[in-house]
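Trainee: curious how this folds, go ahead:
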Amino acid sequence: MLVHSVFFKFNPDVTSEQIEGVAEMARGLGKIETVKELYVGSPAPVPERPVCRNDYELAITALFDSVADHNIYQDHPLHVEYVTTNKPLWERVEVFDME
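Mentor: Here you go, the predicted structure:
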């Protein structure tokens, strides 16, 4: 199994409505056949702790059966469209992949 987590920080001029549009488009990535599960959300309102980061505004976590399935996802037209459409809105993107 591969867990693919992506954390987005948006440019300062991006509105909450735009962020919700990016989130809605992200939910559509679950239609890609190699995605087993997909979670889209924002930082949870948990108590602050020094080891926790909440300096992002949107996160996606996708589960795949294999690295090969993840690679198919990366090249899938829906994913390419998602990145191409939304990349101008992002100040920072961090990706964590784990097996």
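
Trainee: just say helix, strand or coil for C52.
Mentor: Reducing the assignment to helix, strand or coil with DSSP: H, G, I helix; E, B strand; the rest coil, the entry for C52 is coil.

Trainee: residues in contact with it?
Mentor: With contact set as C-beta atoms under 8 Å, 6 or more residues apart in numbering, C52 has these partners: V46. Every C-beta, even on glycine, is put in place using the N, C-alpha and C of the backbone.

Trainee: would you list every one of the helices in this structure?
Mentor: Under the criterion DSSP state H, the chain contains helices at 16-27, 67-75, 77-86.

Trainee: the second one - what's its average pLDDT?
Mentor: Taken as a whole, helix 67-75 carries a mean pLDDT of 98.

Trainee: which elements pack onto it?
Mentor: Other helices and strands packing on helix 67-75, by 3 or more C-beta pairs under 8 Å, 6 or more residues apart in numbering; DSSP states H and E, are strand 2-10, strand 58-64.

Trainee: now do that helix: everything it contacts.
Mentor: Applying C-beta under 8 Å, 6+ apart, the external contacts of helix 67-75 come out as L2, H4, L29, I32, E33, T34, V35, A62, F64, H79, D97, E99.

Trainee: and that helix, C-alpha only, in PDB?
Mentor: The C-alpha trace of helix 67-75 is given here as PDB (Å, rounded to 0.1, in the frame of the first residue of the first chain):
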ATOM      1  CA  VAL A  67       3.600   2.500  -6.300                       C
ATOM      2  CA  ALA A  68       2.500   1.500  -9.800                       C
ATOM      3  CA  ASP A  69      -1.100   2.600  -9.100                       C
ATOM      4  CA  HIS A  70       0.200   5.900  -7.600                       C
ATOM      5  CA  ASN A  71       2.200   6.500 -10.800                       C
ATOM      6  CA  ILE A  72      -0.900   5.900 -12.900                       C
ATOM      7  CA  TYR A  73      -2.700   8.500 -10.800                       C
ATOM      8  CA  GLN A  74       0.100  11.000 -11.300                       C
ATOM      9  CA  ASP A  75      -0.300  10.800 -15.100                       C
END
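
Trainee: cheers, nothing more for now.
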